[in-house]
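# what's the 3D shape of this:
(one chain, ligands or ions: 2)
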Amino acid sequence: MSTLDTPALDPRKLARRLSNKHLIDGSFVAPQGGKTFDVIHPATLEVVAQAAAGEAADVDAAVAAAKRAQASWRALPARERGKLVAECGRRLEGHKEELAQLVALETGKALRTESRVEANVVADAFIFYGGLASELKGEHVPFHPDMLTVTIREPIGVVGAIIPWNVPMMLMAFKIAPALVAGNTVVVKSAEEAPLAVLRVCEIMNEVLPPGVFNILSGFGPECGGPLVAHPDVGKITFTGSVETGKIISRAAAEKLIPVTLELGGKSPMIVMDDADLERAVEGAVTGVRFTRQGQSCTAASRIYVHESLHDRFVEALKARVDGMVMGDPLDEATDIGTIVSEQQYEKVLGYITQGQADGGTALEASRLPEDSRLSKGYFVRPVIFTDLPETSRCIQEEIFGPVTAVQRISSLDEAIEKANDSVYGLAATIWTSNLKTAMEGVRRLEAGFVQVNQNLVVQPNLSYGGIKQSGLGKEASLEAMLEHFTVKKTAIINMT
Ligand code: ADP
Ligand code: MG
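Ligands and ions are numbered 1, 2, ... in the order given. The predicted structure is shown next:
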């Protein structure tokens, strides 16, 4: 039976309950301006909730609450904060299925292959960072025998976090868990397309954390995100989203001279050398392109440079593998691939596919559109594997954020690396080879913040993740990320004479 009719936990009911609410100072409140916007289920286009459209007045209220909560939160012993954040993670574990269904409903990401995976990582991120509280250490500096000189790590104050819709709960968790453990208080601005699951995560955290320590607003970028960045009491912005918006935020932050962490786009290359294990590389491409998430990942392997000796077999095997994947109702257990998140993204992705064909590429379409008439208006796009695209095509140069990849022929490692590095982006890269020397050369020469050999893992707790070039500034997901991006160092010199 389809879960469109009888979802076990009824995410639609939960979505309605979460309508028209921000979470500020420990309570659900309606937006002061009384405005809302529709949240749609992109598989059916039904309106599942009305989200609060936050504006400057709501931002003021949330930042004021976060500021009030600062003194007592930072005064707690670090391990006490860590225990509370880890407890949030344990509570979230108990709500995994509900969160997965909710995020599947608002984003169209398939429940089994994507949304549950995200819900798992969310709980884990809180538990991971909760355990790192006693690592907020300073240093002893051998300055003078009579002067005890130390550095102390202190929280920044109020942190603003602006998040996107593709993995909203996970990206929020990797921002707010370290910020909170480090003693900051937080105001989150969720993405227009996915305000519900993150609000539910915050409602669960609210059972554990004191009021005002974290607050979440929904709303549009310029109207709600803009005032958050500009607010005089916000001392740091951590952002994940597009390069364009990242630059706007970076300029606004420069006006106040506050630090920013930016996780922006990518055009992550995957290089398959002639000595690679073909089967493994094809599986790696399935994961790497994120076909199950409709390619909506900044790390997506959207350019695959395959040695000419393997190229045709690789394309054939990849197409056959994706043909075997089921596209359909995101909440149905049988579904591998759900929908694109919104009409805007849907049109954008289709535009790129048309562009690639106009550029001379051959577009191999894989899998099948769902036949269920209830899904006929949904934003489903058949995955596309391009071959023979010119390197100058926008499909090779620009981030598509859709189920589209290009398999390009290369004849040497030098050629592959040169093409891979010919990009404004530098987020992630993978190289597939059975030769250690080739692997190490790829690791050394590829311009990316996150390089893997013979695998295509997603972001993992404890591994620093972040890009170079226009893919962003700073790292996330690790201890270093917490220390470098959510604390400031104070130097103290104590004259003992
Ligand atoms: P996309 O629209 O492609 O998903 P964006 O970078 O525009 O990516 O959106 C990521 C997040 O940034 C969202 O939460 C969005 O509301 C927010 N945002 C967009 N524009 C601004 C802005 N001018 N100031 C602050 N936040 C913004
Ligand atoms: Mg936008």
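# near ligand 1, which residues of this structure? Just list them.
162-164, 189, 191-192, 220-222, 225-226, 229, 241-242, 245, 248-249 (CB under 6 Å from any ligand atom). Yep, even glycine has a C-beta here, placed from its N, CA and C like the rest.
# what is the neighbour count of whichever residue of the stretch 351-497 of the chain sits closest to ligand 1?
Relative to ligand 1, the nearest point of the stretch 351-497 of the chain is F401 (7.3 Å; CB to the nearest ligand atom). When neighbours are counted by other CB atoms under 10 Å, F401 registers 25.
# residues contacting the residue nearest to it when sequence neighbours are not counted?
Spatially, and ignoring its direct neighbours in sequence, F401 is nearest to Q296 (5.4 Å; CB to CB, 6 or more residues apart in numbering). Residues near Q296 by CB atoms under 8 Å, 6 or more residues apart in numbering: K109, N166, R290, I340, V341, Q345, F401, G402.
# same thing with V234?
Neighbours of V234 in contact, by CB under 8 Å, 6+ apart: V63, V158, V159, G160, V187, L228, I258.
# so which of those residues sit within helices?
Residues of the contacts of V234 located in helices (DSSP state H): V63, L228.
# so which of the contacts of V234 wins on neighbours?
Using other CB under 10 Å as the neighbour test, these are led by G160, with 32 neighbours.
# touching, it and P232? I think so.
No - using CB atoms under 8 Å, G160 is not in contact with P232, being 11.7 Å away.
# if V158 is in a bridge, with which residues?
T185 (DSSP bridges).
# so where does the residue nearest to F401 fall, helix or strand?
Assigned by DSSP states H and E, Q296 falls within no helix or strand.
# give me the pLDDT value at the residue of the stretch 351-497 of the chain closest to ligand 1.
On the pLDDT scale, F401 is placed at 98.
# can you check I156 too?
98.
# could I get the contacting residues of it?
Contact analysis of I156 by CB under 8 Å, 6+ apart lists A182, N184, G235, K236, P259, F486, T487, V488.
# residues contacting the residue lying closest to R79 once chain neighbours are set aside?
The shortest distance from R79 to any non-neighbouring residue, by CB to CB, 6+ apart, is to A133 (4.9 Å). Applying CB under 8 Å, 6+ apart, we find A133 in contact with A78, R79, R81, G82, K83, V85, V181.
# repeat for S478
Going by CB under 8 Å, 6+ apart, the list of residues near S478 reads P461, N462, L463, S464, Y465.
# report how many residues lie close to the closest residue to the first one other than its chain neighbours.
This means P461. Spatial nearest neighbour of P461, chain neighbours left out: F128 (4.0 Å); criterion: CB to CB, 6+ apart. By the measure other CB under 10 Å, the count of residues near F128 is 24.
# please apply the same query to R90.
Neighbours of R90 (other CB under 10 Å): 13.
# before we move on, what about E106?
With other CB under 10 Å as criterion, E106 counts 29.
# tell me how far it lies from G157.
31 Å (CB to CB, to the nearest Å).
# again, but for A15
34 Å.
# of those two, which one has the most company?
A15 (25 against 18).
# which phi and psi does the residue positioned nearest the centre of the chain have?
By CA atoms, centre = their mean, the chain has its centre lying nearest to L171, at 4.3 Å. Main-chain torsions, L171, degrees, to the nearest 10: phi -70, psi -30.
# L264 now?
The phi/psi pair for L264 (degrees, to the nearest 10) is phi -110, psi -150.
# what about the residue nearest to N435 when sequence neighbours are not counted, neighbour count?
Spatial nearest neighbour of N435, excluding adjacent residues (CB to CB, 6+ apart): D275 at 5.5 Å. Neighbour count of D275, defined by other CB under 10 Å: 13.
# may I see the PyMOL selection of the buried members of the contacts of I156?
The buried residues among those can be selected in PyMOL (16 or more other CB atoms under 10 Å) with this line:
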select buried, resi 182+184+235+236+259+486+487
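# and the furthest pair within the contacts of I156?
Spanning the widest gap among the contacts of I156 are A182 and P259, at 13.1 Å by CB to CB.
# hang on, the earlier thing: which residues touch the residue nearest to the centre of the chain?
Neighbours of L171 in contact, by CB under 8 Å, 6+ apart: I163, P164, T240, E263.
# which one of these is nearest to L427?
Among the contacts of L171, and counting by CB to CB, the member closest to L427 is E263, at 8.4 Å.
# quick one: that closest one from ligand 1, how far?
As judged by CB to the nearest ligand atom, to the nearest Å, E263 and ligand 1 stand 10 Å apart.
# assign a three-state SS to the nearest residue in space to G265 that is not next to it in sequence, would you?
Of all residues not flanking G265 in the chain, E399 sits nearest, at 4.2 Å (CB to CB, 6+ apart). Following DSSP: H, G, I helix; E, B strand; the rest coil, we place E399 in the coil state.
# count the residues that sit near E399.
Neighbours around E399, by other CB under 10 Å: 23.
# I'd say it and E244 touch.
No - counting by CB under 8 Å, E399 does not reach E244; the two are 10.9 Å apart.
# picking up where we left off before, of the residues of the chain next to ligand 1, grab the buried ones for PyMOL.
Filtering those down to the buried ones (16+ other CB under 10 Å) takes a single PyMOL command:
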select buried, resi 162+163+164+189+191+192+220+221+225+226+229+241+242+245+248+249
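# looking at the residues of the chain next to ligand 1, which are in strands?
Judged by DSSP state E, these include I162, K189 as members of strands.
# where does pLDDT dip in this structure?
By pLDDT under 70, the weakly predicted segments of the chain are 1-8.
# report the beta-bridge partners for E263.
If you apply DSSP bridges, the partners that E263 bridges to are T240, G472.
# is it true that it touches I249?
No - contact between E263 and I249 fails when scored by CB under 8 Å: they sit 11.5 Å apart.
# overlap in contacts, those two.
Contacts common to E263 and I249, judged by CB under 8 Å, 6+ apart, are F239.
# for the residue nearest to G265, phi and psi?
phi -80, psi 120.
# ok, now how distant is it from P232?
E399 is 33 Å from P232, by CB to CB.
# next one: S72
Taking CB to CB, one finds S72 at 22 Å from P232.
# out of these two, which sits in the more crowded spot?
Just comparing S72 and P232: by other CB under 10 Å the higher neighbour count belongs to S72, 12 against 8.
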